[in-house]
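*Asks:* Pasting the sequence and the predicted model now:
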Amino acid sequence: METRVVNGYRLDRKIGSGSFSEIYHGTNIRTNEKVAIKLENVETKHPQLLYESKLYRVLQGGTGIPNARWFGVEGDYNVLVMDLLGPNLEFLLNFCSRKLSLKTVLMLADQMINCVEFIHCKSFLHRDIKPDNFLMGFGKRVKQAYIIDFGLAKRYRNTSSHQHIPYR
């Protein structure tokens, strides 16, 4: 694969894929900092990455919300650059033979509930809660759980009046 650079970030290797996008391990070419880069083809029938990037901006700063560093269009792709995180909970469960200590379960449950509560306080529903969408931090943040993948998220109430938006 040829070396690709997107807005100062080098795509290093593919680390995952979803229905509509591919995720790469990347590097900031100025600082050498490691990042995650999500690519979505601009021809996708139902693009989600622009919406997801806007939602990350709304949620920015919340505990357990990864930092979105840049969104833009590069060639045939919508691109979202984010903090690089560690393994997801599904991987960790399998790695631990699907057995976690009570202390670990309580720590994870507390962090996961706090993530979901924060999203709800910002008037959104995630709508895709599963172990694959909770990742552990990386480096200094290795003990923090993060929630990802807001492609299906939806506003459920008016932000000023807090009135529920009718279901469609």
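*Replies:* Received the coordinates, thanks. Numbers count the residues shown, from 1 in each chain.
*Asks:* Centroid-nearest residue for the chain?
*Replies:* Against the mean C-alpha coordinate of the chain, by C-alpha atoms, centre = their mean, the closest residue is Ile148 at 2.8 Å.
*Asks:* wouldn't that one be in contact with Asn133 here?
*Replies:* Yes: contact criterion C-beta atoms under 8 Å: Ile148 and Asn133 qualify, at 5.5 Å. (Glycine included, C-beta is placed from N, CA and C.)
*Asks:* could you pull out the helices for this structure?
*Replies:* 49-59, 89-95, 102-121 (DSSP state H).
*Asks:* List the buried residues in the second one.
*Replies:* Read that as helix 89-95. Using 16 or more other C-beta atoms under 10 Å as the test for burial, helix 89-95 gives 89, 92.
*Asks:* Give me the contacts around that helix.
*Replies:* Contact partners of helix 89-95, identified using C-beta atoms under 8 Å, 6 or more residues apart in numbering, comprise 87, 100, 108, 130-132, 134-136, 145.
*Asks:* my read: Pro47 touches Asn78, true?
*Replies:* Yes: judged on C-beta under 8 Å, Pro47 makes contact with Asn78 at a distance of 6.3 Å.
*Asks:* give me the number of residues near Ser19?
*Replies:* By other C-beta atoms under 10 Å, the residues close to Ser19 number 8.
*Asks:* try the one 10 residues further on
*Replies:* Around Ile29 sit 12 other residues, with neighbours defined as other C-beta under 10 Å.
*Asks:* right, and it touches Arg4 too?
*Replies:* No: with contact defined as C-beta under 8 Å, Ile29 does not reach Arg4; the gap is 11.3 Å.
*Asks:* quick one: common contacting residues for these two?
*Replies:* Shared contacts of Ile29 and Arg4 (C-beta under 8 Å, 6+ apart): Arg10.
*Asks:* residue contacts, Asp12?
*Replies:* 24-27.
*Asks:* Show me where the protein has its strands.
*Replies:* 4-6, 9-17, 22-28, 34-41, 68-74, 77-83, 124-125, 134-136, 145-147, 154-155 (DSSP state E).
*Asks:* Mean pLDDT and distance to Tyr51 added to those, as TSV?
*Replies:* Below are the strands of the chain laid out as TSV (pLDDT from 0 to 100; distance: least, C-beta to C-beta, whole Å):
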stretch	mean pLDDT	distance to Tyr51
strand 4-6	89	19
strand 9-17	95	19
strand 22-28	97	17
strand 34-41	97	11
strand 68-74	97	10
strand 77-83	97	10
strand 124-125	97	11
strand 134-136	98	20
strand 145-147	98	16
strand 154-155	96	10
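*Asks:* Nice, that's everything, thank you.
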